[in-house]
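[1] structure here, sequence nowhere to be found:
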């Protein structure tokens with residue numbers, strides 16, 4: 001029994017479990033049947049006064065039945081034949097034939113589907129099975145051959161019903177790194193991709209196609225599919241002896257579409273076979289997606305061409321923002337040294353070329369504004385241009401527009417890397433691009449027209465109103481990266497004194513003149529000489545010569561300014577980020593919005609947080625294992641304090657990314673804030689290395705790290721209130737011993753980054769919180785009815801592992 005859903009209807013197709021012989025009629029029944037036939041308006045083609053046998057039916061009636069059945073390649077229910085016959089020939093069909101369908105056995109195949117004689121499906125035979133000139137043996141052979149052909153047609157006809165069996169939908173991966181192959185795109189809202197890489201995707205497809213190859217190769221007697229129709233799923237014998245799933249898209253030229261590979265091909269009809277049920281279980285591996293941030297320009301031919309050149313036939317990493325029938329993605333090219341955000345890169349194709357500014361070597365520029373200075377001596381400048389004027393106009397339009405709108409309507413609900421937004425600063429709007437997302441509330445943005453990176457809250461960002469979107473996107477970034485030519489002199493790096501001198505110099509002068517000496521296209525930086533207006537163009541009085549001649553280039557021991565790996569600083573005040581450098585009593589004045597003001601008192605290097613209360617032996621405690629080396633040493637964190645720790649980390653990111661850099665005096669065994677990766681951590685200095693690196697211990701996570709001295713800042717008192725969260729632990733219930741590398745790896749995979757219930761066996765207290773230690777059992781309570789004691793597994797498995805080593 002096969003149920004086939006069609007909209008709000010359901011058809012039921014019944015296949016015979018066995019052939020049912022015709023029911024023998026009694027003499028009385030036959031007599032009644034004869035009376036019924038003679039009393040009705042019988043078909044004159046039925047020969048009267050003869051025994052009812054296949055031969056007794058007139059050849060004309062048989063021809064008419066054959067003509068009808070040939071129109072129904074999928075078969076015709078026997079009980080429907082009389083109505084079709086009468087509608088076609090305007091003559092009543094002799095219904096007594098339905099009580100003995102064997103009367104039609106020489107013109108059709110009769111498949112009984114129940115013990116009721118009329119419950120059968122009739123299939124036309126391609127030619128007559130009875131030939132008066134054939135002997136009995138030949139008749140039987142001929143009959144069997146034709147019947148086999150008809151049954152093959154019947155099997156093929158079932159394939160059409162199988163077309164209504166739904167192939168499962170492709171499920172978007174929920175976790176882990178995801179890669180795709182881009183095949184084609186109509187627009188950026190309909191990008192055709194093939195297969196997510198992974199166990200249930202590309203690997204499953206390879207396995208299925210291997211099974212298809214084995215099945216169809218071993219069943220070489222399988223005949224090509226008959227009665228094909230457009231839209232039908234089939235198996236196609238493709239090149240290199242492969243068998244692939246395909247859908248028929250044209251019968252005239254035998255064209256098929258490979259549903260797992262995303263391309264069409266002309267094939268020979270004898271290379272197409274019926275697709276078996278077992279090969280309909282895997283979802284089609286070709287799917288559509290749309291690219292985030294490009295929706296408003298999805299049909300722009302310039303954008304489509306840029307996306308094609310960056311994506312087609314490449315394997316790319318993706319970030320899935322929204323899971324839907326057509327998921328929303330950010331696509332990355334990870335084939336080079338640096339990951340390339342393709343969405344953001346392709347958006348640049350929409351820049352208005354007429355608004356781009358290309359600095360010319362030896363050219364002189366006036367009215368130049370220095371918008372930011374970094375700790376490696378690089379700086380960003382704005383040069384008067386058509387693009388800068390256009391930017392001022394559109395930002396003013398936005399300001400006027402938001403005067404009459406609730407800006408909450410334009411809150412950014414789905415931030416992602418590469419997204420262009422608006423950020424309000426000092427009564428004006430600034431264009432920013434999201435660079436790094438730290439948490440749900442904090443992220444790093446690049447001020448496109450200032451050149452500065454700053455950490456802001458998601459709630460401070462606003463969407464660009466749709467009517468202004470193309471205008472805002474079309475203007476290229478107006479911040480040009482520069483460096484002072486011939487600096488630094490023979491030192492290879494800027495000193496804190498030199499950076500502060502340069503910042504004071506540019507703050508005291510709102511506008512400069514500059515001369516371009518060289519363009520480094522590979523780094524996107526211009527080497528310039530910078531002049532105060534009154535000193536232009538006297539090279540000896542340039543900023544370059546003044547800072548070079550000053551005694552600013554001797555490094556003090558263990559005193560550095562923090563700088564990020566790319567050579568640009570974390571940022572100065574947020575006022576720098578929006579080119580609002582201000583002078584107050586000859587010094588740089590920090591200007592933060594209220595949400596970013598310095599959160600604590602003066603920096604102190606002596607105050608310690610309160611110690612974390614430790615449980616007593618026998619107590620139970622919910623914990624999270626942050627680091628696991630082996631059963632004798634792992635780090636746990638109190639589960640109920642994790643939210644407080646995440647809040648602290650977020651506040652540190654917001655503060656240190658916005659705060660002005662300060663000289664740091666590095667001392668061993670003192671507390672600091674250190675930037676490791678994209679996060680800021682509370683650390684203690686364990687060692688000072690000669691190569692400019694420090695050995696630090698993360699007090700909340702229990703990791704030992706090496707970090708550049710440039711990434712260390714004083715730890716504010718406000719960040720010392722939460723007790724340090726890392727607790728050193730040892731697994732109870734197992735003997736202390738050297739653990740093999742294999743045993744350590746197994747233990748790490750078993751417990752690291754997972755929550756447990758800890759049953760404390762012993763506590764070793766200490767004055768320093770990072771030296772305290774607990775001995776504890778670990779219990780995995782994640783399963784509903786079973787608690788797993790980790791020490792049992794370690795005792796039974798890992799101990800033997802280490803002994804064998």
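    In hand now; what should we look at? Source: prediction; values computed, not measured.
[2] buried stuff in the regular element (helix or strand) spanning residue 64?
    Using DSSP states H and E, residue 64 sits in helix 59-70. Neighbour-count burial for helix 59-70, counted by 16 or more other C-beta atoms under 10 Å, picks out 61-62, 64-66, 68-69. For the C-beta atoms, the positions are set from N, CA and C on the backbone; glycine is no exception.
[3] next, give me the two most distant ones among those.
    Taking C-beta to C-beta, the two most distant members of the buried residues of helix 59-70 are 61 and 69; they sit 12.7 Å apart.
[4] one step back: from the buried residues of helix 59-70, which is closest to residue 550?
    residue 69 (103.3 Å).
[5] for the nearest residue to residue 69 once chain neighbours are set aside, name its beta-bridge partners.
    In this structure, residue 69 finds its nearest non-sequential neighbour in residue 124, 3.4 Å apart by C-beta to C-beta, 6 or more residues apart in numbering. Under DSSP bridges, the beta-bridge partners of residue 124 are residue 108.
[6] OK, contacts around residue 124?
    Contacts for residue 124 were tallied using C-beta atoms under 8 Å, 6 or more residues apart in numbering; they are 66, 69-70, 72, 107-108, 150.
[7] identify, from those, the entry nearest to residue 384.
    So of the contacts of residue 124, ranked by how close each gets to residue 384 (C-beta to C-beta), first place is residue 72, at 80.9 Å.
[8] name the SS class of that closest one, please.
    Secondary structure assignment for residue 72 (DSSP: H, G, I helix; E, B strand; the rest coil): coil.
[9] quick one: it from residue 685, how far?
    87 Å (C-beta to C-beta, to the nearest Å).
[10] quick revisit: can you put the buried residues of helix 59-70 in JSON lines and add pLDDT and distance to residue 524?
    Formatted as JSON lines, the buried residues of helix 59-70 follow (pLDDT from 0 to 100; distance: C-beta to C-beta, whole Å):
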{"residue": "61", "pLDDT": "86", "distance to residue 524": "88"}
{"residue": "62", "pLDDT": "84", "distance to residue 524": "86"}
{"residue": "64", "pLDDT": "87", "distance to residue 524": "84"}
{"residue": "65", "pLDDT": "87", "distance to residue 524": "82"}
{"residue": "66", "pLDDT": "86", "distance to residue 524": "80"}
{"residue": "68", "pLDDT": "85", "distance to residue 524": "78"}
{"residue": "69", "pLDDT": "83", "distance to residue 524": "76"}
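[11] nearest to residue 721, of these?
    The closest of those, once distances to residue 721 are taken by C-beta to C-beta, is residue 69, at 88.2 Å.
[12] right, and the closest one touches residue 110 too?
    No - between residue 69 and residue 110 there is no contact, the gap being 10.9 Å when judged by C-beta atoms under 8 Å.
[13] gap between residue 754 and residue 311?
    Counting by C-beta to C-beta, the separation of residue 754 from residue 311 is 37 Å.
[14] those two: which is more packed in?
    The neighbour comparison of residue 754 against residue 311 (other C-beta atoms under 10 Å) goes to residue 311, with 23 against 15.
[15] give me the phi and psi for that one.
    Backbone torsions for residue 311, taken as degrees, to the nearest 10, come to phi -120, psi -40.
[16] isn't it right next to residue 183, touching?
    No - using C-beta under 8 Å, residue 311 is not in contact with residue 183; the gap is 9.4 Å.
[17] circling back to that earlier point, higher neighbour count, residue 72 and residue 685?
    Taking neighbours as other C-beta under 10 Å, residue 72 and residue 685 compare with residue 685 leading, 20 against 17.
[18] where's that one, which helix or strand?
    Going by DSSP H and E, residue 685 is part of strand 679-688.
[19] distance from that strand to the middle of the chain?
    34 Å (C-alpha atoms, centre = their mean, to the nearest Å).
[20] could you list every helix and strand that it packs against?
    Counting by 3 or more C-beta pairs under 8 Å, 6 or more residues apart in numbering; DSSP states H and E, the packing neighbours recorded for strand 679-688 are helix 642-658, strand 671-676, strand 693-698, strand 704-708.
[21] again, only this time at 6 Å
    For strand 679-688, the elements it packs on are helix 642-658, strand 671-676, strand 693-698, judged by 3 or more C-beta pairs under 6 Å, 6 or more residues apart in numbering; DSSP states H and E.
[22] tell me which of the ones you listed is the most buried.
    strand 671-676 (a mean of 22; mean count of other C-beta atoms under 10 Å).
[23] adjacent strands (with direction) for it?
    Under the criterion DSSP bridges, strand 671-676 sits next to strand 679-688 (antiparallel), strand 712-714 (antiparallel) in its sheet.
[24] the inter-axis angle of the strand holding residue 685 versus helix 642-658?
    With axes from the mean of the first three to the mean of the last three C-alpha atoms, to 10 degrees defining the directions, strand 679-688 sits at 80 degrees from helix 642-658.
[25] just the residues contacting strand 679-688, thanks.
    652-653, 656, 668, 670-674, 694-700 (C-beta atoms under 6 Å, 6 or more residues apart in numbering).
[26] closest to residue 416 among the residues you listed?
    For these, the nearest to residue 416 is residue 653 (18.0 Å; C-beta to C-beta).
[27] gap between the closest one and residue 443?
    9 Å.
[28] joint contacts of the two?
    Common neighbours of residue 653 and residue 443 are not found (criterion: C-beta under 6 Å, 6+ apart).
[29] what is the end-to-end distance of stretch 273-284?
    Stretch 273-284 has an end-to-end distance of 18 Å (criterion: C-alpha to C-alpha, to the nearest Å).
[30] tell me which residues in it are buried?
    Buried residues in stretch 273-284 (16+ other C-beta under 10 Å): 273-276, 279-280, 282-284.
[31] do the same with stretch 785-795
    Within stretch 785-795, the residues that count as buried by 16+ other C-beta under 10 Å are 790-791, 793-795.
[32] next, count neighbours for the closest residue to residue 340 other than its chain neighbours.
    In this structure, residue 340 finds its nearest non-sequential neighbour in residue 333, 4.3 Å apart by C-beta to C-beta, 6+ apart. Using other C-beta under 10 Å, the number of residues around residue 333 comes to 17.
[33] what about residue 333, distance to residue 249?
    Distance, residue 333 to residue 249, by C-beta to C-beta: 32 Å.
[34] and residue 370, by the same measure?
    Distance of residue 370 to residue 249, given as C-beta to C-beta: 61 Å.
[35] ok, now residue 411?
    45 Å.
[36] what does residue 613 give?
    Taking C-beta to C-beta, one finds residue 613 at 70 Å from residue 249.
[37] need the helix or strand of the chain with the lowest average pLDDT.
    strand 583-584 (a mean of 26; mean pLDDT, DSSP states H and E).
[38] from the chain's centre, how far out does stretch 340-355 sit?
    22 Å.
[39] so which residues of the stretch 351-500 of the chain form helices?
    386-402, 466-474, 496-507 (DSSP state H, counting those that start in this stretch).
[40] show me the one of those that comes nearest residue 267.
    Comparing these by C-beta to C-beta, helix 466-474 comes nearest, at 44.9 Å.
[41] relative to helix 386-402, how tilted is the closest one?
    160 degrees.
[42] got the contact list for helix 466-474?
    By C-beta under 6 Å, 6+ apart, helix 466-474 touches 296, 350, 352, 394, 464.
[43] tell me which residues touch the third one, please.
    Residues in contact with residue 352 (C-beta under 6 Å, 6+ apart) are residue 474.
[44] same thing but at 7 Å, please
    Applying C-beta atoms under 7 Å, 6 or more residues apart in numbering, one finds that residue 352 lies in contact with 474-475.
[45] per-residue confidence, it, what does it come out as?
    For residue 352, the pLDDT comes out at 94.
[46] tell me the spacing between it and residue 387.
    From residue 352 to residue 387 the distance is 8 Å (C-beta to C-beta).
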